[in-house]
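Visitor: give me a model of this one.
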Amino acid sequence: MTAVPPGLSYLDRIVVDVRRRLEERKRCSPLAMLQARLEVPSPEERSNEVRPSFLRAIAGPQVSLVAEVKRRSPSKGPLRPDLETGRLAREYAAGGAAAVSVLTEEDHFGGSLHDLQVAASAAGLPVLRKDFIVDPYQVWEARACGASAVLLIARLLSDDELSQLAQLAKALGLDVLLEVHDAREMERALRVPEVAIGINNRDLESFQVSLQTTLRLAGGVPVDRVLVAESGIRGREDVERVAQVGVNAVLVGETLLRHTDPAAAARALVFPPVPVGSRGSVPTGGEGCL
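Guide: Numbers count the residues shown, from 1 in each chain. Here you go, the predicted structure:
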């Protein structure tokens with residue numbers, strides 16, 4: 001990993017390494033070369049494309065599961081370092097996952113674009129590229145590797161960058177999950193049309209997790225937006241709690257990755273189906289900090 005100045009947050013340190021890796025890939029395969037390998041679909045072609053829709057897959061009346069492929073994390077260390085991406089994606093599909101999220105960041109999460117390609121072809125589910133996207137090149141990469149959607153993180157991007165990257169994703173036939181962590185970021189995210197809103201219960205500075213983040217912010221999301229709760233889902237009870245405030249889908253990694261039977265763990269979260277409640281509902285149960 002790249003040496004970084006002292007005093008930077010862990011998020012800043014990750015982004016330094018992301019940008020370094022990005023420049024390496026740009027030198028090996030310039031954007032013009034990447035674009036030349038792709039045909040940008042017209043709106044009519046997108047509507048007929050075999051590539052599955054991430055948004056449609058998770059927007060039903062019951063809570064959907066977005067199951068994550070991730071080898072390690074900065075806060076938890078190794079999770080499943082020897083995982084086989086294709087096999088895991090198929091297990092998630094067998095367990096009822098509606099979509100798969102693939103961590104592609106290399107230095108801190110052990111991911112790769114190869115993992116994205118394998119997952120996209122293995123299970124027939126829409127696949128989200130989950131990374132620290134700061135450059136249009138990464139959106140083009142996602143399209144080239146078979147993704148159906150990309151994650152954008154409000155904390156990393158200006159309003160103009162959010163708008164431009166979301167527009168590029170749409171032009172390339174990709175959906176967007178726009179991640180927020182607080183009310184100010186939510187306000188910014190809601191100005192971006194046609195994107196799903198992801199509420200990350202993990203603070204990207206401290207890496208502490210609390211479901212209260214979703215429970216507090218969900219009521220501010222209009223009912224016409226798909227809403228995803230990210231991080232901190234430990235079991236069925238947590239799924240039911242976030243469902244009460246109108247969450248359409250949960251993005252789950254560690255709980256599934258540490259289980260000896262990921263398909264069974266996935267099934268236990270969303271079967272029998274959990275109805276999506278009304279936005280603004282008051283949840284019952286404990287405090288929700290994990």
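
Visitor: just name the shakiest helix or strand of this protein by mean pLDDT.
Guide: When the helices and strands of the chain are scored by mean pLDDT, DSSP states H and E, helix 43-48 comes last with a mean of 57.

Visitor: now for whatever helix or strand comes next after that one, which elements pack on it?
Guide: Under the assignment DSSP states H and E, the closest C-terminal helix or strand after helix 43-48 is helix 54-58. Using 3 or more CB pairs under 8 Å, 6 or more residues apart in numbering; DSSP states H and E, the elements in contact with helix 54-58 are strand 64-69, strand 99-103, strand 175-180, strand 196-200. All C-beta spots, glycine's among them, are computed from the backbone N, C-alpha and C.

Visitor: can you pull out the strands in the stretch 1-150 of the chain?
Guide: Using DSSP state E, counting those that start in this stretch, the strands of the stretch 1-150 of the chain run over 64-69, 72-73, 77-78, 99-103, 127-130, 149-153.

Visitor: and if you look at the stretch 151-290 of the chain?
Guide: Under DSSP E, counting those that start in this stretch, the stretch 151-290 of the chain gives strands at 175-180, 196-200, 227-230, 249-252.

Visitor: now the last one: average pLDDT?
Guide: It refers to strand 249-252. Throughout strand 249-252, pLDDT has a mean value of 98.

Visitor: residue 112 touches residue 104, doesn't it?
Guide: Yes - between residue 112 and residue 104 there is a contact under CB atoms under 8 Å: 6.1 Å.

Visitor: output the helices and strands packed on helix 54-58 in CSV; the columns should cover mean neighbour count.
Guide: Shown next, in CSV, are the helices and strands packed on helix 54-58 (neighbours: other CB atoms under 10 Å):
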stretch, mean neighbour count
strand 64-69, 27
strand 99-103, 28
strand 175-180, 25
strand 196-200, 26
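
Visitor: and the closest residue in space to residue 186 that isn't next to it in sequence, what are its bridge partners?
Guide: Leaving aside its chain neighbours, residue 186 sits nearest to residue 180 (4.8 Å; criterion: CB to CB, 6 or more residues apart in numbering). Beta-bridge partners recorded for residue 180 (DSSP bridges): residue 199.

Visitor: isn't residue 180 right next to residue 196, touching?
Guide: No - under the criterion of CB under 8 Å, residue 180 makes no contact with residue 196, lying 11.1 Å away.

Visitor: now render the helices and strands packed on helix 54-58 as TSV, adding mean pLDDT and distance to residue 18.
Guide: Listed next are the helices and strands packed on helix 54-58 as TSV, based on pLDDT from 0 to 100; distance: least, CB to CB, whole Å:
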stretch	mean pLDDT	distance to residue 18
strand 64-69	98	18
strand 99-103	98	12
strand 175-180	98	15
strand 196-200	97	17
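
Visitor: how about a markdown table for these, with distance to residue 272 added?
Guide: Output for the helices and strands packed on helix 54-58, formatted as a markdown table (distance: least, CB to CB, whole Å):
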| stretch | distance to residue 272 |
| --- | --- |
| strand 64-69 | 13 |
| strand 99-103 | 20 |
| strand 175-180 | 26 |
| strand 196-200 | 24 |
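
Visitor: out of these, flag the one nearest residue 122.
Guide: Of all these, strand 99-103 sits nearest to residue 122, with 8.6 Å by CB to CB.

Visitor: by how many degrees do that closest one and strand 175-180 diverge?
Guide: Orientation check (axes from the mean of the first three to the mean of the last three CA atoms, to 10 degrees): strand 99-103 against strand 175-180 gives 60 degrees.
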